[in-house]
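Asker: turn this into a model:
(one chain, ligands or ions: 1)
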Amino acid sequence: MQYDLVVIGAGPGGYVAAIRAAQLKMKVALIDKRKELGGTCLNVGCIPSKALLQATEEFHRIQTQAAELGILVKESGMDFDKMMQRKEKVVGALVNGVAGLVKKNGVEVIEGEAELVSSTEVKVGDQIIEAKSIILANGSESIELPMLPFDEERVVSSTGALSLKKLPEKLCVIGAGVIGVELASVYARLGSKVTVIELLDQICTPLDLAAAKQLQKSLEKLDVTFHLKTKLTKGEVKDKVHLTAEGVTEEADVVLVAVGRKPNSRGLDSKVELGKRGDVIVDGAFQTSLPNVYAIGDLIDGPMLAHRASEEAVVLVESLAGHRSKIDYMTIPNVIYTHPEVATVGLSEEEAKASNIDPLIGTFHLRANARARTSLAGDGFVKVVGDKKTGRLLGVHIVAPHASEMIGEAVLGIKKRVTVEEIANLPHAHPTLSESLKEAALNALGRTIHS
Ligand code: NAI
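Answerer: I've put the predicted structure just below:
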């Protein structure tokens, strides 16, 4: 069978590429070894984790804030199994949604493990599929520590941590990255005693330092213990999982290893050029070293984010169809779905300084924001980073409830190359959390009103 385009991997990179290509009148096949479309993000990543984060956040709010809000709760508790079942239901509905979208657009879905054979051929089982172009969107997988191989019961990756059978009394997390802190939040809110061991001296590197400190403080309020600058030296699974790190010994019922992810490039090394981390090397047009074969998303270098993969998918497919399309990586937001959430776009203060930019900094704390006060959400801030010389907005860092929704304005601002002053002069509805962005910009210019 001959296609215009074959896409390997049906995550947010692959399925979006397939749909956009079909819209552009290409004959498209989408191959995935999982029966369920949506890849890691939908099946065992972003979506199930957000379902658990939402449920546990509501639970925690009831426990800690209901009385202050004047709500009388006679009894509160968490049905662990029901929470997990609801998560499965949400995932199932969204997986069906993607299957529906793909079908509606006339994309042919092939289930099976795909092997790249040549610049125009892909093998699935005994079948050879021919295509004018091939997109590799194989995604990534959790990095395993040799001393603690995953059994997905007691030593778990994020996949296992999202489907535990029962609440661990003691959870130890290795790695205070995005996965580490999100899942630490989930289990700490449910009552597990959570300890995090991190190699570096701050959490969530390369997050803006002030944001990382604020996030660590809010996690510590949940009783999460951090051991920073600590290297794990030994791990043994016995009755419990025993961990030894420099100056620290821990015994945990479950250990979550969240030390990063690596590209799923196994078997590709004989066909396309790979980088040191196993990433597929591409040029500015996502072209690999093999003609007609392209790669996007977690498989190539860059931040491992679903929305980045989807953006790359659209830009690549439109370029293949002869359109002029390009991606601006400065505008890709990054969100950590803790409480408060952390959302950032563009340069941090430290990155601006490292690029020899004299930064224009403005900060506004949520405790001075009326809407935050009405919502009992005083922990957090908005920080803008600009260029003192040109006044241009270079980065925005938000620690606040709904920061994931607030960041959109900053993304548009950076895309449109606005100045900090333009944000400061933009009307914002009152009372809203988003006024904090305006106030942070005003602060950078020495014109703060509300603090
Ligand atoms: P990460 O790269 O964000 O963090 C890993 C952390 O583990 C780092 O802080 C690192 O210093 C630490 N580490 C590495 N080896 C260690 C060791 N031996 N002992 C102690 N600490 C060690 O990786 P993570 O959290 O696993 O996430 C993987 C990818 O998935 C990231 O690229 C992330 O952006 C993406 N992701 C994004 C989410 C979001 O956008 N909300 C949610 C979940 C994942």
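Asker: rest of the way, CA atoms for contacts and neighbours
Answerer: Fine.
Asker: which residues of the stretch 251-400 of the chain lie near the ligand?
Answerer: For the stretch 251-400 of the chain, the residues in contact with the ligand (C-alpha under 6 Å from any ligand atom) are 258-261, 303-305, 334-337.
Asker: filter these to the buried ones?
Answerer: The neighbour count (16 or more other C-alpha atoms under 10 Å) marks 258-260, 304-305, 334-337 as buried among those.
Asker: what's near enough to touch the residue nearest to the spatial centre of the chain?
Answerer: In the chain, the centroid-proximal residue (C-alpha atoms, centre = their mean) is residue 305; its distance is 5.1 Å. For residue 305, the residues meeting the contact criterion (C-alpha atoms under 8 Å, 6 or more residues apart in numbering) are 297-298, 334.
Asker: repeat the analysis, applying 10 Å as the threshold.
Answerer: By C-alpha atoms under 10 Å, 6 or more residues apart in numbering, the residues touching residue 305 are 12-13, 41, 46, 297-298, 332-335.
Asker: for the protein, give me the ranges with low pLDDT.
Answerer: Residues of the chain meeting the criterion pLDDT under 70: none.
Asker: how about 80 then?
Answerer: 1 (pLDDT under 80).
Asker: which stretches in it count as helices?
Answerer: Secondary structure of the chain by DSSP state H: the helices cover 14-23, 39-44, 46-69, 80-104, 158-161, 178-190, 209-221, 306-320, 349-354, 370-374, 403-415, 420-424, 435-444.
Asker: among the contacts of residue 305, who's most crowded?
Answerer: Using other C-alpha atoms under 10 Å as the neighbour test, the contacts of residue 305 are led by residue 13, with 32 neighbours.
Asker: what are the phi and psi values at that one?
Answerer: Dihedral pair for residue 13: phi -80, psi -60, per degrees, to the nearest 10.
Asker: show me the contacts for it.
Answerer: Residue 13 makes contact with 7, 38-39, 135-139, 295-298, 305-314, according to C-alpha under 10 Å, 6+ apart.
Asker: from the residues you listed, list just the buried residues.
Answerer: With neighbours counted using 16+ other C-alpha under 10 Å, the contacts of residue 13 contain these buried positions: 7, 38-39, 135-139, 295-298, 305-306, 308-314.
Asker: so what's the residue count around residue 302?
Answerer: 13.
Asker: my guess is it contacts residue 308. True?
Answerer: Yes: at 8.9 Å, residue 302 counts as touching residue 308 under the criterion of C-alpha atoms under 10 Å.
Asker: now the common contact residues for the two.
Answerer: Counting by C-alpha under 10 Å, 6+ apart, the residues touching both residue 302 and residue 308 are 296, 329.
Asker: in the stretch 351-451 of the chain, which residue sits closest to the ligand?
Answerer: Nearest residue of the stretch 351-451 of the chain to the ligand: residue 404, at 9.6 Å (C-alpha to the nearest ligand atom).
Asker: identify the bridge partners of the nearest residue to that residue once chain neighbours are set aside.
Answerer: In this structure, residue 404 finds its nearest non-sequential neighbour in residue 343, 5.5 Å apart by C-alpha to C-alpha, 6 or more residues apart in numbering. Counting by DSSP bridges, residue 343 is bridged to residue 335, residue 398.
Asker: show me what contacts residue 343?
Answerer: Taking C-alpha under 10 Å, 6+ apart, we find residue 343 in contact with 207, 211, 333-337, 382, 396-408.
Asker: tell me which parts of the stretch 1-150 of the chain are close to the ligand?
Answerer: Residues of the stretch 1-150 of the chain lying near the ligand by C-alpha under 6 Å from any ligand atom: residue 46.
Asker: any idea of the angle the longest strand anywhere in the chain forms with helix 306-320?
Answerer: Counting residues, the longest strand found in the chain (DSSP state E) is strand 127-136. Here the directions of strand 127-136 and helix 306-320 differ by 110 degrees (axes from the mean of the first three to the mean of the last three C-alpha atoms, to 10 degrees).
Asker: what is strand 127-136 packed up against?
Answerer: strand 2-8, helix 14-23, strand 28-32, strand 114-118, strand 121-124, strand 293-295, helix 306-320 (3 or more C-alpha pairs under 10 Å, 6 or more residues apart in numbering; DSSP states H and E).
Asker: one more time with 7 Å
Answerer: The contact analysis (3 or more C-alpha pairs under 7 Å, 6 or more residues apart in numbering; DSSP states H and E) places strand 127-136 against strand 2-8, strand 121-124, strand 293-295.
Asker: distance to residue 451 for those - can I get that in JSON lines?
Answerer: Formatted as JSON lines, the helices and strands packed on strand 127-136 follow (distance: least, C-alpha to C-alpha, whole Å):
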{"stretch": "strand 2-8", "distance to residue 451": "53"}
{"stretch": "strand 121-124", "distance to residue 451": "61"}
{"stretch": "strand 293-295", "distance to residue 451": "48"}
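Asker: ranking the ones you listed by burial, who's on top?
Answerer: Highest mean neighbour count of those: strand 293-295, a mean of 27 (counted as mean count of other C-alpha atoms under 10 Å).
Asker: packing partners of that strand?
Answerer: Using 3+ C-alpha pairs under 7 Å, 6+ apart as the test, strand 293-295 ends up in contact with strand 127-136.
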